[in-house]
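# When you get a sec, could you give me coordinates for this:
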Amino acid sequence: MISVFYKDNLENIVKKLGEQGVTIYSTGGTQKFIEEQGVHCVAVEELTAYPSILGGRVKTLHPKVFGGILARRGNEQDLAQLQEYGIPEIDLVIVDLYPFEETVKSTTEEQAIIEKIDIGGVSLIRAAGKNYKDVVIVASKDQYADLEKVLVEGSGATTLEDRRRFAAKAFEVCAHYDVAIAQYFLHNEPQQYFQASLPQGQVMRYGENPHQDGRFYGNLQELFDKLHGKELSYNNLVDVDAACQLVQEFTATTFAVIKHTNVCGIASRPALKDAWEAALAGDKESAFGGVLACNAVVDKATAEAINEIFFEILIAPGFDADALAVLTTKKNRILLQQKQPVKQPYMYKNVLNGILLQDSDTGNYKDWTDAGARPASTAEKADLEFANLVCKHLKSNAIALVKDKQLIGKGCGQTSRVDALRHAIEKARQFNFDLSGASMASDAFFPFDDCVRIAHTAGVTAVIQPGGSVRDNDSIEFCKQNDMVMIMTGMRHFRH
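As a prediction, the model looks like this:
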């Protein structure tokens, strides 16, 4: 039985079956395709004595089809019923599924989408898979090459191991298909079950550490063209994700340096080369071996400046030809041209033998409330907005110090917010930044006024934080008494 939507690379299989004297049953367009290969084919309608009905919704759903697939070859009663009702044994089923996901991506017309919910195909796949001891099931064009190899090497015969392997792949295809349909119907409604199905599992060299196995499930080709360099590792992908999510927050020309998912340097400037130099200056030490990302086409001048340091990966929306000539001089350096934003509506973590799911943190702030001594100046407001976005992408507890839209100090992953601030100030001083007039962002509220006191002493004049502490007023009063800006956003940005 052959009934497929995608006929690519099916020619050799059809011809091989014809040469081996196999009787082929088929439907509609697939029947026509098979006959065009010069191979005889029997229409399913001849077998069932029923035409395709309901606009093609019912073609193969008939006992003469499913009986031939589900009959147990070692069961005398099954075989007797096949003979009684004139049902042929069907030993091979090649069926794929209507392109439901592709249709959802290409249209919002509900009827067109609904008609791409396959019924007969799924039923045939499940029937053949259930009876894998006697039947081979091929449920995807990705398995055509494997089937052809089996047909050639075994002269049409298959082993139980072959059939079980094909069945496993077939049920995997059905599972992915059902998840896609369920997610379409659920939209943003709560799910009773955790549902996720991502294609193209790719084996990594190893996981986070060499003794751990690692895989990636997803389609990198949708997001990037890899222009140069070695294969991406598990840790590379984690850092690339962090870099892309950070940089796409900014509309101005921005360059960022990522190390172990935290940003160690980021700046916005009118020219990309200037943005790069300002980002690098934020922490030249940590930038070594980092992941670089920007939101503008890389020109030759920027490429030459970047080329002076060692880095693992550079992500950009484009590269000038002469910039690529400079950057490809190092064999292992990875260059990724990003084709579209990273869109992740949900975030997942595996904990306690289960899964935590939450919406992605796509917000910046709900409200901008002036709570300090004065409103922010134009320059301070720009820096506070910049700092708040950067802080959102640092591991908690997090503090970001910004001046002239340049990250000049940060503290992240600390168990105390005071420690995070002290670390940020120390980083700024390490690279000789003047903190006078700097702006500070915190990912969560200040439970005491200690952070604003320390920041003021260091030279910080403006602070942005979510607020929400029972002692907010302590920090607010200190800012009012010391001519400091205090912005309350009402939106926390924990990132554990």
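# Now do the SS call for the nearest residue to I355 once chain neighbours are set aside.
Once flanking residues are discounted, I355 sits nearest to F194: 4.8 Å by Cβ to Cβ, 6 or more residues apart in numbering. For every residue, glycine as well, the C-beta is placed using N, CA and C. Following DSSP: H, G, I helix; E, B strand; the rest coil, the label given to F194 is coil.
# these two touch, right, F194 and L356?
No - in terms of Cβ atoms under 8 Å, F194 does not count as a neighbour of L356; the distance is 9.7 Å.
# What separation is there between the residue nearest to I355 and A145?
33 Å (Cβ to Cβ, to the nearest Å).
# Find the nearest non-adjacent residue to the residue nearest the centre of the chain, please.
Centroid-nearest residue in the chain: G218, 5.6 Å away (criterion: Cα atoms, centre = their mean). Excluding the flanking residues, the one nearest G218 by Cβ to Cβ, 6+ apart is L198, at 5.1 Å.
# ditto for A281
F431 (6.7 Å).
# just for the stretch 251-400 of the chain, where's the confidence low?
By pLDDT under 70, the stretch 251-400 of the chain has no low-scoring segment.
# Strands of that one, start to end?
Here the stretch 251-400 of the chain has its strands, by DSSP state E, counting those that start in this stretch, at 254-259, 262-268, 290-294, 311-316, 334-338, 346-351, 354-359, 369-370, 399-402.
# tell me the most buried of those strands?
Comparing the strands of the stretch 251-400 of the chain by mean neighbour count (mean count of other Cβ atoms under 10 Å), strand 399-402 comes out on top with a mean of 30.
# which other helices and strands contact it?
helix 378-392, strand 407-411, helix 417-430, strand 439-442 (3 or more Cβ pairs under 8 Å, 6 or more residues apart in numbering; DSSP states H and E).
# Kindly reformat those as a markdown table containing distance to E222 and mean neighbour count.
Shown next, in a markdown table, are those (distance: least, Cβ to Cβ, whole Å; neighbours: other Cβ atoms under 10 Å):
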| stretch | distance to E222 | mean neighbour count |
| --- | --- | --- |
| helix 378-392 | 25 | 22 |
| strand 407-411 | 30 | 28 |
| helix 417-430 | 36 | 20 |
| strand 439-442 | 33 | 30 |
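# Any chance of TSV for the ones you listed, columns distance to F478?
Putting the helices and strands packed on strand 399-402 into TSV (distance: least, Cβ to Cβ, whole Å) gives the following:
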stretch	distance to F478
helix 378-392	17
strand 407-411	20
helix 417-430	14
strand 439-442	13
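# With respect to N188, which of the ones you listed lies nearest?
Distance to N188, taken as Cβ to Cβ, is lowest for helix 378-392 among those, at 22.6 Å.
# so how far is the closest one from its chain's centroid?
Offset of helix 378-392 from its chain centre (Cα atoms, centre = their mean, to the nearest Å): 28 Å.
# Same check on stretch 391-398?
The answer for stretch 391-398 is 22 Å, by Cα atoms, centre = their mean.
# Strictly from the record, what residue spans define the domains of this protein?
2-186, 224-338, 369-488 (the TED database).
# Can you give me the end-to-end span of the longest one?
Separation of the first and last residues of domain 2-186 by Cα to Cα, to the nearest Å is 33 Å.
# same question, the shortest one
This stretch, domain 224-338, spans 5 Å end to end (Cα to Cα).
# Please apply the same query to stretch 316-332.
Span of stretch 316-332 from end to end, Cα to Cα: 17 Å.
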